[in-house]
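1. let's see this in three dimensions:
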Amino acid sequence: MKFRKKPVVIEATQWFKMGDHPAVIRDPVTVDRHCGVETLEGFMRASPGDWIITGVKGEHYPCKPDIFEQTYEAVE
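-> Numbering: from 1, shown residues only. Predicted coordinates for the structure are as follows:
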């Protein structure tokens, strides 16, 4: 079987440095202090240039720029 993702309008902000998005924090557990987002699945690292997406339940998660470009397009 094949499935198509339902069309959903999302909010997203491209992240470059601390302070660009309130959901991006320093990892509270590891010593290396990577930046990332607490998601429904746990802490996910974010790198400069990643998009921070707000999901349908208000959750946040990072998305690499190449995947974002292949998956989403701007709407008015």
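2. where does the protein have its least confident helix or strand?
-> Ranked by mean pLDDT, DSSP states H and E, the weakest helix or strand in the chain is strand 24-26, scoring a mean of 89.
3. secondary structure element for the residue most central in space within the chain?
-> For the chain, Pro62 is the residue whose C-alpha lies nearest the centre (Cα atoms, centre = their mean; 2.0 Å). Take DSSP states H and E as the rule and Pro62 turns out to sit in strand 60-63.
4. again with Ile67
-> Element membership for Ile67 (DSSP H and E) is helix 65-71.
5. in that helix, what counts as buried?
-> Phe68 (16 or more other Cβ atoms under 10 Å). (Glycine included, C-beta is placed from N, CA and C.)
6. can you give me the distance of Pro7 to Glu73?
-> 10 Å (Cβ to Cβ, to the nearest Å).
7. likewise for Gly49?
-> Where Glu73 is concerned, Gly49 sits at a distance of 18 Å (Cβ to Cβ).
8. more crowded one of the two?
-> Gly49 (12 against 6; other Cβ atoms under 10 Å).
9. skipping adjacent residues, who's closest to that one in space?
-> Pro65 (5.4 Å; Cβ to Cβ, 6 or more residues apart in numbering).
10. just the pLDDT for that neighbour.
-> pLDDT, Pro65: 96.
11. ditto for the one 3 residues further on
-> Phe68 carries a pLDDT value of 93.
12. same thing with the one 5 residues further on?
-> The pLDDT attached to Glu73 in the predicted structure is 88.
13. which residues does it contact?
-> For Glu73, the contact set (Cβ atoms under 8 Å, 6 or more residues apart in numbering) is empty.
14. what's the neighbour count on Trp51?
-> 21.
15. no, scratch that, I was asking about Lys2
-> 3.
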